[in-house]
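Chemist: the sequence and its predicted three-dimensional model are supplied below.
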Amino acid sequence: MTRHQKRMLKQAAKQICLHILFIVICFVTLIPILYALSVSLNADNSLVSSDFRFIPKNFTLRNYVAVFTEEPVMLWFKNSMTLAVVTVVISLAAAIPAAYAFSRMRFKGRKPILKQLVLLYSFPSVLSMFAIYTLLRPLGLINSKVGLILIYTGTMAEFGLLNMKGYFDTIPREIEEAAEIDGASGIQLVTRIVLPLARPSILVTAVMILIYVWNEYLFATTFMTGAENYTLAAGLYSLQATEMSGSWPVFAAASLVVSLPILIVFFAVQRHMTSGLTAGGVKG
Amino acid sequence: MKKNKKETFWAYLCSAPSLLLILLIVVFPILYTAYISFTNMNVYHWFNFSFVGLKNYKDALFVFDSGFLAALLRTILWTVLNMVLQLVIAFVLASLLNIQDFKGRRVYKTLLMIPWAMPGYVSILLWKNGIFNSQFGLLNQWMQKLGLATVRWLANDVSAFLCCTVVNLWLALPFMIMIMDGALQAVDHSCYESAILDGANWFQRAYFITIPAIRPIIAPSVLITVFTTFKQFDVVYLLTQQAGAKTGANIHTILTYAYENAFITNNYGYSSAVSILIFAILILFSMVTSRKAKEG
């Protein structure tokens, strides 16, 4: 064997080792999801039997049918959708102008307010949950969608403001100045120059807000009662199997159904994810 | 001067909706929490509560049995353990992904991102019901196959803490791997070539070249992750102590501790005091780190 061939062989061996290593790592990582998938598709329902396999012998969609027929999943889906869309629209409408103002305009109180906002952002909303509850109760906003939307938009307006302000800061001012010299009006400046430039950040922020609302279970379960008001998160939470009960295959199916839209949205915008998040310096 | 005033007016007009929402949902509840923290509000004193001064704070800080200090220590241990493991594992995996001529790394990267993309609470509940469940969890199925006794993983403090750590790592690693991966791609490869010529091994190269080079790039993301780890609620709450399904382990972090005192034992005044203390710790911590960041 020549030296060259030896080196080639060594290279190939290294590649194969790497591939084997990463296949194992990925498999181990995905075990919880693969296991849920296999349980949800398994017709034998041999939960306690010890001959578990990742690829079930007998396929069935029974558990998925059960999710859609026996549980009001479509209603929960509608509730989640309504909350998510309304929250995204309101909090973006509130946060975009504010982010622009804090990034571009110089005014009295700008720095102190920004500093306070960053500090407030570190306050976990779980801790003020009881205060929010006692404040919303006399207004009749407990067990109402308006109350939840208010909580979500308030929390997300802050995230959106800070996140998009960070992104606006990275867009050079010179572009706007040049457009101004070319005679662009204030409104043209915003709609033709600023918003298109900020699109990646607005997109990522919108998706983060959507994911936040979709995944929020604590306020949705504490403030809402009655299955007709549940969001998907609250509904799934109510479905979960306890130590003893055997609704685990249905729960596994429901988990995957609930996750699928989020997985699709996430991977659709994944390209922008790190830049859109880290530029602002806050993580949702 | 006049232009300045006009700009101030416009700036406040633009940010008014946002600031009002934040004032209503974020600031006001915090102030109200601070107010409650000086009272003895609880189930027995819903409306006729009275001021008790600093009693709640004294109870939290100076009565060791209260559990706050234990929860605080546990939270610090939790944060340190999780961060160390996260940084080491993410660094090793990202380095392996960046080995030159490694074809197919994109596929693996995408697969490893899935835990990040999954809704967090769904993943945690899947771990709880699918892996750790003492009746039909995968872990106990494997134990049985190996002829070992089944274990109630979440019933014992130490094993529950480790289970929570595993789940938290599972949830948090994808983000860290992404950040490390991005940072590694920015490292100049010519440095390595001369180091290899000088006979430096992998550890020496990592310690003297890679880590100093990526440190400034990953620092902001690492800092954010330290905060999110310190404030972690979902993992511990959903795995061991959601309402009506306590598993028997007592591994409160400060956040679950505050939550339990408000919503389970209904000790509102005390819980509010704990909340304000946590907020103070977070503010202190972020002031220290932002000063350090300025110096560095």
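Modeler: Nice, thanks for sending it over.
Chemist: show the residue spans covered by the helices in the chain.
Modeler: Reading this off chain A. For chain A, the helices defined by DSSP state H cover A:3-41, A:62-70, A:73-104, A:110-121, A:129-136, A:145-170, A:173-181, A:186-188, A:195-197, A:199-215, A:218-222, A:232-239, A:248-278.
Chemist: wait, I meant chain B there
Modeler: Under DSSP H, chain B gives helices at B:2-22, B:28-36, B:55-62, B:68-97, B:105-117, B:120-126, B:138-145, B:157-185, B:189-197, B:202-205, B:211-230, B:234-236, B:254-263, B:268-295.
Chemist: what are the buried residues along the second one?
Modeler: Looking back up the chat, that one is helix B:28-36. B:Phe28, B:Pro29, B:Ile30, B:Tyr32, B:Thr33, B:Ala34, B:Ile36 (16 or more other C-beta atoms under 10 Å in any protein chain shown). Any C-beta I mention is one placed from the backbone N, CA and C, and that applies to glycine too.
Chemist: from those residues, which are also near chain A?
Modeler: B:Phe28, B:Pro29, B:Ile30, B:Tyr32, B:Thr33, B:Ile36 (C-beta under 8 Å from any C-beta of the partner chain).
Chemist: could those residues go into TSV alongside pLDDT?
Modeler: Listed next are those as TSV, based on pLDDT from 0 to 100:
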residue	pLDDT
B:Phe28	94
B:Pro29	94
B:Ile30	95
B:Tyr32	94
B:Thr33	94
B:Ile36	92
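Chemist: ok, the residues you listed vs A:Met156, which is closest?
Modeler: B:Pro29 (15.3 Å; C-beta to C-beta).
Chemist: residue contacts, the closest one?
Modeler: The contact partners of B:Pro29, taken as C-beta atoms under 8 Å, 6 or more residues apart in numbering or on different chains, are A:Ser128, A:Ala131, A:Ile132, A:Leu135.
Chemist: tell me where the model's unsure across the stretch 1-150 of chain B.
Modeler: Scanning the stretch 1-150 of chain B for pLDDT under 70 picks out B:1-3.
Chemist: relative to chain A, which residue of it is the closest?
Modeler: B:Ile25 (2.4 Å; C-beta to the nearest C-beta).
Chemist: burial count for that residue?
Modeler: Using other C-beta atoms under 10 Å in any protein chain shown, B:Ile25 has 23 neighbouring residues.
Chemist: closest one of the buried residues of helix B:28-36 to A:Glu70?
Modeler: Looking across these and measuring by C-beta to C-beta, the closest to A:Glu70 is B:Pro29, at 38.2 Å.
Chemist: that closest one and B:Thr228, how far apart?
Modeler: Going from B:Pro29 to B:Thr228 by C-beta to C-beta, to the nearest Å gives 21 Å.
Chemist: who's in contact with the residue most central in space within chain B?
Modeler: Central residue of chain B (C-alpha atoms, centre = their mean): B:Thr229, 1.7 Å from the mean position. Counting by C-beta under 8 Å, 6+ apart, B:Thr229 touches B:Trp78, B:Thr79, B:Asn82, B:Met83, B:Gln86, B:Asn168, B:Ala172.
Chemist: from A:Thr170, how far off is whatever residue of chain A ends up closest to chain B?
Modeler: Closest contact between chain A and chain B, by C-beta to the nearest C-beta, is at A:Gly154 (2.4 Å). Distance, A:Gly154 to A:Thr170, by C-beta to C-beta: 26 Å.
Chemist: equivalent analysis for B:Ala249, please.
Modeler: B:Ala249 is 45 Å from A:Thr170, by C-beta to C-beta.
Chemist: can you check A:Ala98 too?
Modeler: With distances taken as C-beta to C-beta, A:Ala98 is found 17 Å from A:Thr170.
Chemist: identify the residue spatially nearest to B:Ile217, adjacent ones excluded.
Modeler: Leaving out its chain neighbours, the residue that sits closest to B:Ile217 by C-beta to C-beta, 6 or more residues apart in numbering or on different chains is B:Ala183, at 4.0 Å.
Chemist: surely that neighbour is in contact with B:Thr210?
Modeler: No - B:Ala183 is not in contact with B:Thr210 according to C-beta atoms under 8 Å; the separation is 9.1 Å.
Chemist: for B:Leu85, grab the count of nearby residues.
Modeler: Neighbours of B:Leu85 using other C-beta under 10 Å come to 16.
Chemist: brain fart, A:Thr69
Modeler: Residues near A:Thr69, counting by other C-beta under 10 Å: 9.
Chemist: how about the contacts made by it?
Modeler: By C-beta under 8 Å, 6+ apart, A:Thr69 has no neighbours at all.
Chemist: distance of it from B:Val122?
Modeler: 21 Å.
Chemist: and stretch B:182-193, which residues are buried?
Modeler: Under 16+ other C-beta under 10 Å, the buried positions of stretch B:182-193 are B:Gly182, B:Ala183, B:Leu184, B:Val187.
Chemist: quick one on the thing from earlier: out of B:Ala249 and A:Thr170, which sits in the more crowded spot?
Modeler: B:Ala249 (22 against 13).
Chemist: report pLDDT for the more buried one.
Modeler: With respect to pLDDT, B:Ala249 scores 80.
Chemist: could you measure from the nearest residue to it once chain neighbours are set aside over to B:Ile25?
Modeler: Once flanking residues are discounted, B:Ala249 sits nearest to B:Ala160: 3.5 Å by C-beta to C-beta, 6+ apart. In this view, B:Ala160 and B:Ile25 are 33 Å apart by C-beta to C-beta.
Chemist: using a markdown table, lay out the helices of chain A together with mean pLDDT and distance to B:Leu21.
Modeler: Formatted as a markdown table, those follow (pLDDT from 0 to 100; distance: least, C-beta to C-beta, whole Å):
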| stretch | mean pLDDT | distance to B:Leu21 |
| --- | --- | --- |
| helix A:3-41 | 90 | 36 |
| helix A:62-70 | 85 | 35 |
| helix A:73-104 | 93 | 6 |
| helix A:110-121 | 90 | 12 |
| helix A:129-136 | 91 | 13 |
| helix A:145-170 | 92 | 5 |
| helix A:173-181 | 83 | 27 |
| helix A:186-188 | 79 | 24 |
| helix A:195-197 | 86 | 21 |
| helix A:199-215 | 90 | 13 |
| helix A:218-222 | 89 | 16 |
| helix A:232-239 | 85 | 22 |
| helix A:248-278 | 81 | 22 |
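Chemist: who touches the residue nearest the centre of chain A in this structure?
Modeler: Centroid-nearest residue in chain A, with C-alpha atoms, centre = their mean: A:Ile211, separated by 2.4 Å. Residues near A:Ile211 by C-beta under 8 Å, 6+ apart: A:Ile262, A:Val265, A:Phe266, A:Gly284, B:Pro119.
Chemist: how about B:Thr289?
Modeler: B:Leu223.
Chemist: could you measure from it over to B:Thr228?
Modeler: Using C-beta to C-beta, we find B:Thr289 at a distance of 14 Å from B:Thr228.
Chemist: how many neighbours does the residue of the stretch 151-296 of chain B found nearest chain A have?
Modeler: In the stretch 151-296 of chain B, the residue that lies nearest chain A is B:Ser275 (3.8 Å; C-beta to the nearest C-beta). B:Ser275: 30 surrounding residues under other C-beta under 10 Å.
Chemist: leaving out the residues flanking it, which one is nearest to it?
Modeler: Counting by C-beta to C-beta, 6+ apart, the residue nearest B:Ser275 is A:Leu127, at 3.8 Å.
Chemist: then A:Ala234?
Modeler: Excluding the flanking residues, the one nearest A:Ala234 by C-beta to C-beta, 6+ apart is A:Ala220, at 4.2 Å.
Chemist: for that neighbour, list the residues it contacts.
Modeler: A:Leu148, A:Tyr230, A:Thr231, A:Ala233, A:Ala234.
Chemist: quick check on the nearest residue to B:Gln185 once chain neighbours are set aside: phi, psi?
Modeler: Of all residues not flanking B:Gln185 in the chain, B:Asn98 sits nearest, at 6.8 Å (C-beta to C-beta, 6+ apart). Phi and psi for B:Asn98, reported as degrees, to the nearest 10, are phi -100, psi 10.
Chemist: contact partners for residue 33?
Modeler: As the question left the chain open, I've gone with chain A. A:Leu256, B:Ile114, B:Met118, B:Leu126.
Chemist: wait, I meant chain B there
Modeler: B:Thr33 touches A:Leu127, A:Ser128, A:Phe130, A:Ala131, B:Ser272, B:Ser275, B:Ile276, counting by C-beta under 8 Å, 6+ apart.
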